[in-house]
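Trainee: What follows is a predicted structure for the sequence shown.
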Amino acid sequence: MDQARRDRGTSDEILRTPLHALHIELGGKMVAFAGHELPVRYPAGIIAEHRHARSEAALFDVSHMGQIALGTASAGEELERLVPADLTELRPGEMRYTMFTDEAAGILDDLIVVRLEEGWMLVVNAACKKADLAHLTRALGPGCPARALESRALIALQGPSAEAVLARHAPDCSGLVFMRAAPMKVAGIDALVSRSGYTGEDGFEISLAASEAEALARRLLDEPEVAPAGLGARDSLRLEAGLCLHGHDIDLSTTPIEAGLAWTIGKRRRREGGFPGWPVIRRQLEEGAARRRVGVRPLGAAPAREGTEVQDLEGVPIGRITSGGFGPTLAAPVAMGYVASAQARPGTPVRLIIRGKAREAEVVRLPFVPHRYRKPESERRKGMP
């Protein structure tokens, strides 16, 4: 098979992003992830990459994520039938985090919705993008066509120096606040820039033509504050930030209320419903859910990995860890998982069964590391997450 076909990929092979050659050049340790070959780390190592994102700016290749266009301005009303977010109130340039739910209120996928001047764009998880596109096509029909943007790449610049770096190449980026997007030229390249990310840090995601991605990545990496970072640092950063990973912390077995995502459900949607799983979600909003996603701090040095059983102090199982590992910012293990609501209060002591031994731990409030998003003043006053 020729190289062009391999880079494009087929349904039964690992895909490569437009930055694949650059990853190899930079010494990236390549692994298979969600059907793509991506760097898990570079020579500096995961902890160094993580700390660089917290202190300066890290560049991530997130081109494996799905980008989907809905080409009509009225698509928001149709899309609202599939998600619990209030979308029709969005103005061009505004974004919203939401979920596709099923009739049992399970989470098919979580996604970002961007309102554009003449349509909408969705950013969905890599492992779900084919299923999401099929879901949209079935539900919306030919009057509201959904189209995968397969010829686009997505790169993320994350960290406290991200704005200063990107402003050298795109001065207009400084006008964006968290969860806002705008088309602009970055180093002379047409792009859609959003102030968003998956690290808890301030930063940007840049959607652009795949053919331009390597040139822009190189320009950004030439800046003294920027270093490349891989999947390992992306995962430890989002875990410290208390952000869910689909297929682990949220899936068809969890509801938005159980997952602590009730804040994503707009006031109008709470009154009117009209999306899959609304009866279940309404009942959980009124009565509470039987279990809740919480942060868990192991009190020793042993990390609690996904699948670790959580017990109360009497040895009764009350839940399970869904994400866990070492938190470089805290220099200690951190974890997230689900526990019975009666044991979900921060400060509750619990036990973790790690390699057959009961280890002491404590339920804590999320996030482990405070978010540093640049939010609009109105949202800061409201204390929105």
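Mentor: Yep, it's here.
Trainee: Surely Arg270 forms part of a helix?
Mentor: Yes. According to DSSP: H, G, I helix; E, B strand; the rest coil, Arg270 belongs to a helix.
Trainee: quick one, domains of the chain?
Mentor: 3-65+150-240, 67-142, 262-364 (automatic domain parsing).
Trainee: Would you tell me which of these gets closest to His246?
Mentor: His246 lies closest to domain 67-142 among the domains of the chain, at 4.9 Å (C-beta to C-beta). Every C-beta, even on glycine, is put in place using the N, C-alpha and C of the backbone.
Trainee: what's the span of the closest one from first residue to last?
Mentor: Using C-alpha to C-alpha, to the nearest Å, the end-to-end distance of domain 67-142 comes out at 19 Å.
Trainee: buried stuff in the one helix or strand Leu352 maps to?
Mentor: Under the criterion of DSSP states H and E, Leu352 resides in strand 349-354. For strand 349-354, a neighbour-count test (16 or more other C-beta atoms under 10 Å) marks Val350, Arg351, Leu352, Ile353, Ile354 as buried.
Trainee: do the same with stretch 65-75
Mentor: Met65, Gly66, Gln67, Ile68, Ala69, Leu70, Ala75.
Trainee: can you list contacts of it?
Mentor: For stretch 65-75, the external contacting residues (C-beta atoms under 8 Å, 6 or more residues apart in numbering) are 79, 118-126, 128-129, 132-133, 136, 140, 143-149, 152, 154, 207.
Trainee: repeat that with 6 Å
Mentor: 118-124, 126, 129, 144, 146-149, 152, 154 (C-beta atoms under 6 Å, 6 or more residues apart in numbering).
Trainee: farthest-separated two in those residues?
Mentor: Going by C-beta to C-beta, the pair spanning the contacts of stretch 65-75 furthest: Glu118 and Ala126, at 26.5 Å.
Trainee: which of these two has more neighbours?
Mentor: Ranked by neighbour count (other C-beta atoms under 10 Å), Glu118 and Ala126 place Ala126 first, with 18 against 8.
Trainee: Spit out the contact partners of that one.
Mentor: Applying C-beta under 6 Å, 6+ apart, the residues near Ala126 are Ala34, His64, Met65.
Trainee: make it 7 Å
Mentor: Each residue near Ala126 by C-beta atoms under 7 Å, 6 or more residues apart in numbering is listed here: Ala34, Gly35, His36, His64, Met65, Gly66.
Trainee: where's it relative to Leu133, distance?
Mentor: 12 Å (C-beta to C-beta, to the nearest Å).
Trainee: Work out for me the element Thr137 sits within.
Mentor: helix 129-140.
Trainee: I meant Leu285, not that one.
Mentor: helix 278-287.
Trainee: Mind listing what's buried along that helix?
Mentor: So for helix 278-287, counting by 16+ other C-beta under 10 Å, buried means Trp278, Val280, Ile281, Gln284.
Trainee: Now it - C-alpha only, CSV.
Mentor: Extracted in CSV, the C-alpha atoms of helix 278-287 (Å, rounded to 0.1, in the frame of the first residue of the first chain):
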residue,chain,number,x,y,z
TRP,A,278,-34.8,13.5,29.9
PRO,A,279,-37.2,11.5,32.2
VAL,A,280,-34.3,9.8,33.9
ILE,A,281,-32.3,13.1,34.2
ARG,A,282,-35.4,15.0,35.6
ARG,A,283,-35.9,12.3,38.3
GLN,A,284,-32.2,12.4,39.2
LEU,A,285,-32.2,16.2,39.4
GLU,A,286,-35.2,16.1,41.7
GLU,A,287,-34.3,13.1,43.8
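Trainee: Contacts for the very next helix or strand once past that helix, please.
Mentor: Tracing the chain C-terminally past helix 278-287 and defining elements by DSSP H and E, one meets strand 291-298 next. Strand 291-298 is contacted from outside by 242, 249, 258-260, 304, 310, 319, 321, 333-341, 344, 350, 352, 359, 361-366, 368, using C-beta under 7 Å, 6+ apart.
Trainee: 8 Å instead, please
Mentor: Contacts of strand 291-298 (C-beta under 8 Å, 6+ apart): 242, 244, 249, 254, 258-260, 304, 310, 319, 321-322, 324, 332-341, 344, 346, 350, 352, 354, 359-368.
Trainee: What separation do you get for Arg372 and Glu49?
Mentor: From Arg372 to Glu49 the distance is 18 Å (C-beta to C-beta).
Trainee: Also Val350?
Mentor: 31 Å.
Trainee: next one: Ala210
Mentor: Taken as C-beta to C-beta, the span from Ala210 to Glu49 is 24 Å.
Trainee: what about Arg372 and Glu49, which has more around it?
Mentor: The neighbour comparison of Arg372 against Glu49 (other C-beta under 10 Å) goes to Glu49, with 25 against 16.
Trainee: So for that one, what's the pLDDT?
Mentor: You'll see Glu49 listed with a pLDDT of 99.
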